[in-house]
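A.B. asks: No sequence on hand, only this structure:
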């Protein structure tokens, strides 16, 4: 275990080194196409080259390192996570998976073992979708599902995605050629912090992800009538903010009453807000998630009905507009079994979890079987500078990942 502890220290050192690269010196932010993003990309590529991988940066900015098998019929097994961040981020969400993957691949190279499959280590360029409000840009390109219409998306400065790609030195014409074709995939594996409290509360270092919840993101608008706060009687108002507030509380109550579902209003905007004006125009977000597609559909329909009822009761015009929908994803039963064996072989408690957060495995699952390993994080905190993972848990995750790759190696050799 001492060897794994030393490897974990090396992983943590690199995590801290990458975290020092930020758009703002006072907190960690590294969004797609920024100067910090480019500097982080160069550092990750340098690390890949140092362990002997064939490296390149593809057209969407993914950093890719390849370990080539001597098997002429080999397929590709991808180990990956993302290198971008949210604003004021923690340092483990995404980069931890990339850097742990780097360590696992380095160990394979040092062992001199000949694998029956290629390994491609990928640092995805944009999973969080902060700049262009689009998730999974990097993994969609690798999966071959990138939507060309996204190139016309604008950031808050009015810069088109197509121009941002050009600014990082890439050519959008090559986006389709950067996909791994479906026939060439063996599978996908990602190590990620749990972003939840289960492992922390149970004092267990790792867990298997069995499913990734589907999610629907909706933009809602409430249009009433703005008026003077001192002259319009309370019984004659069409207050858009009060309607929105009633809906927000209804979402909370509904989500709390449903099994296997979470529902969140995370953003609220009062147009032309003033302390002495009755709000006439309000918009808000709605995020609904479940790993059961039927529950997800029923929940959205119920909440849409609630919205209509509130609008009718308060004489408020309401609008419901879907902005993103992803279906639930089931992780590969075979990989889950191999991962479970790896956990049990190393004498850790076997815990299986559903991920409520989205991951790059979502688009990849359309073309390849996927597996995910969760790692315990401090109080389940994520998307926050307080994100933290203990060395002992990093060491445990490396141990399980090594065993998982060995299990996959043995399976592939038997089947050849």
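C.D. replies: Done, it's in. In this text, all values refer to a predicted model and were calculated from it rather than measured experimentally.
A.B. asks: Need the residues that contact the helix-or-strand element of the chain with minimal mean pLDDT.
C.D. replies: Within the chain, no helix or strand scores below helix 391-415, which has a mean of 89 by mean pLDDT, DSSP states H and E. With contacts defined as C-beta atoms under 8 Å, 6 or more residues apart in numbering, helix 391-415 is touched by 1, 4-5, 7-9, 11-12, 77, 96, 100, 103-104, 107-108, 113, 115-117, 186-187, 189, 191, 205-206, 335, 338-339, 341-343, 345-346, 348, 371, 373, 375-376. Where you see a C-beta, it was placed from the backbone N, CA and C, and this is true even at glycine.
A.B. asks: Okay, buried residues for it please.
C.D. replies: 393-409, 412 (16 or more other C-beta atoms under 10 Å).
A.B. asks: now, which of the contacts of helix 391-415 lie within strands?
C.D. replies: Members of the contacts of helix 391-415 lying in strands (criterion: DSSP state E): 77, 186-187, 189, 191, 206, 371, 373, 375.
A.B. asks: Quickly check these for the two that are furthest apart.
C.D. replies: 186 and 375 (23.2 Å; C-beta to C-beta).
A.B. asks: Please say which of these two ends up with more neighbours.
C.D. replies: residue 375 (25 against 18; other C-beta atoms under 10 Å).
A.B. asks: That one and residue 207: what is the separation?
C.D. replies: 8 Å (C-beta to C-beta, to the nearest Å).
A.B. asks: who touches both of these two?
C.D. replies: Joint contacts of residue 375 and residue 207 (C-beta under 8 Å, 6+ apart) are 194, 199.
A.B. asks: just to revisit the earlier point, figure out how far the least confident helix or strand of the chain is from the centre of its chain.
C.D. replies: 23 Å (C-alpha atoms, centre = their mean, to the nearest Å).
A.B. asks: Next, the angle from it to strand 370-375.
C.D. replies: Going by axes from the mean of the first three to the mean of the last three C-alpha atoms, to 10 degrees, helix 391-415 is angled at 160 degrees with respect to strand 370-375.
A.B. asks: And the spatially closest residue to residue 279 that is not a sequence neighbour, how close does it get to residue 181?
C.D. replies: Closest residue in space to residue 279, ignoring its immediate chain neighbours: residue 241 at 3.7 Å, by C-beta to C-beta, 6 or more residues apart in numbering. Residue 241 sits 51 Å away from residue 181, taking C-beta to C-beta as the criterion.
A.B. asks: More neighbours: which of these two?
C.D. replies: Applying other C-beta under 10 Å to residue 241 and residue 181 shows that residue 241 carries more neighbours, namely 19 against 9.
A.B. asks: Test my guess that that one contacts residue 281.
C.D. replies: No. Contact between residue 241 and residue 281 fails when scored by C-beta atoms under 8 Å: they sit 9.3 Å apart.
A.B. asks: Common neighbours of these two, please.
C.D. replies: Joint contacts of residue 241 and residue 281 (C-beta under 8 Å, 6+ apart) are 222, 270.
A.B. asks: Which pLDDT value goes with the residue sitting nearest the centre point of the chain?
C.D. replies: When C-alpha atoms, centre = their mean is applied to the chain, the residue found nearest the centroid is residue 359 (3.3 Å). Note for residue 359: predicted pLDDT of 94.
A.B. asks: Three-state assignment for it, please.
C.D. replies: Following DSSP: H, G, I helix; E, B strand; the rest coil, residue 359 is assigned to coil.
A.B. asks: what ranges of the stretch 1-150 of the chain fall below the confidence cut-off?
C.D. replies: Scanning the stretch 1-150 of the chain with the threshold set as pLDDT under 70 gives 1.
A.B. asks: Sketch out the strands for it, chain order is fine.
C.D. replies: For the stretch 1-150 of the chain, the strands defined by DSSP state E, counting those that start in this stretch occupy 54-57, 63-67, 76-82, 118-124.
A.B. asks: Quick one: those strands as a markdown table, columns for mean neighbour count too.
C.D. replies: Formatted as a markdown table, these follow (neighbours: other C-beta atoms under 10 Å):
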| stretch | mean neighbour count |
| --- | --- |
| strand 54-57 | 16 |
| strand 63-67 | 23 |
| strand 76-82 | 25 |
| strand 118-124 | 26 |
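A.B. asks: okay, these in TSV with distance to residue 387 next?
C.D. replies: Formatted as TSV, the strands of the stretch 1-150 of the chain follow (distance: least, C-beta to C-beta, whole Å):
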stretch	distance to residue 387
strand 54-57	26
strand 63-67	22
strand 76-82	14
strand 118-124	18
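A.B. asks: Tell me which of those strands sits nearest to residue 298.
C.D. replies: strand 76-82 (31.6 Å).
A.B. asks: what residues does the closest one touch?
C.D. replies: Contacts for strand 76-82 (C-beta under 8 Å, 6+ apart): 94-98, 101, 104-105, 117-128, 138-139, 142, 180, 184-192, 360, 364, 368, 408.
A.B. asks: tell me what the helix or strand hosting residue 162 is packed against?
C.D. replies: Residue 162 is part of helix 161-167 when elements are defined by DSSP states H and E. Using 3 or more C-beta pairs under 8 Å, 6 or more residues apart in numbering; DSSP states H and E, no helix or strand is in contact with helix 161-167.
A.B. asks: how about it: buried residues?
C.D. replies: For helix 161-167, by 16+ other C-beta under 10 Å, it's 161, 164-165.
A.B. asks: What is the neighbour count of the nearest residue to residue 147 once chain neighbours are set aside?
C.D. replies: Spatial nearest neighbour of residue 147, chain neighbours left out: residue 140 (7.4 Å); criterion: C-beta to C-beta, 6+ apart. Other residues lying near residue 140 total 24 when counted by other C-beta under 10 Å.
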